[in-house]
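Peer 1: Kindly generate the corresponding structure for this input.
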Amino acid sequence: MPRPILPTPAKHCAHCGAILERKRWANGWMESQALLERRTYCDRECGYAAMRRPSPTKHCAHCGRRLARVRWRNGKLESQALFERRIYCGRVCAYAAARKRRRLIQ
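Peer 2: Next up, the predicted model:
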C-alpha cells in the first residue's frame, strides 16, 4: 500500500506568485516535502525570468549620479550583495563625503 500524500504547505512562487505544488516525476514518485520547501520558483522559466530582472536603480549619496554594477578586471560582474551595500559611485565621492562629515563634526 502506498504512503499517503502529505498535505502541501501554502507556498508561492517568488516571481509570478503562483501556488507551488509538489511535482510528480516521470517514474511516478512525488517530489519530497524537503525539496518543495527549498524550492523558490514554480518552474525553470520563472527562475530564469527572475534572474533577468533588472537590478534596482541607486544613486550616489554624494554627487547623485546613477550607480551601476561594476565589472571587475577578471570580467566578472559585481555581486548583487556588494552592489546593494555600496553608497558612493567611487573612491573620489567616498573620500569627499568623509571629508565633508569630518568638517561638520569639528
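Peer 1: Would you mark the buried spots in stretch 96-104?
Peer 2: By 16 or more other C-beta atoms under 10 Å, the buried positions in stretch 96-104 come out as A97. In short, each C-beta sits where N, CA and C put it, glycine included.
Peer 1: what's in contact with it?
Peer 2: Stretch 96-104 has contacts (C-beta atoms under 8 Å, 6 or more residues apart in numbering) with A61, H62, Y88.
Peer 1: ditto for stretch 54-61
Peer 2: Applying C-beta under 8 Å, 6+ apart, the external contacts of stretch 54-61 come out as R65, R66, L67, R69, Q80, F83, R86, I87, Y88, C89, C93, A97.
Peer 1: Would you mind confirming that the third one is in contact with R86?
Peer 2: Yes: applying C-beta atoms under 8 Å as the test, L67 and R86 come out as touching, 6.5 Å apart.
Peer 1: ok, back up a step: now the buried members of the contacts of stretch 96-104.
Peer 2: H62, Y88.
Peer 1: contacting residues around the closest residue in space to C42 that isn't next to it in sequence?
Peer 2: Leaving aside its chain neighbours, C42 sits nearest to C13 (4.1 Å; criterion: C-beta to C-beta, 6 or more residues apart in numbering). The contact partners of C13, by C-beta under 8 Å, 6+ apart, come to I19, L20, T40, Y41, C42, C46.
Peer 1: correct me, but I19 touches A10?
Peer 2: Yes: contact criterion C-beta under 8 Å: I19 and A10 qualify, at 6.7 Å.
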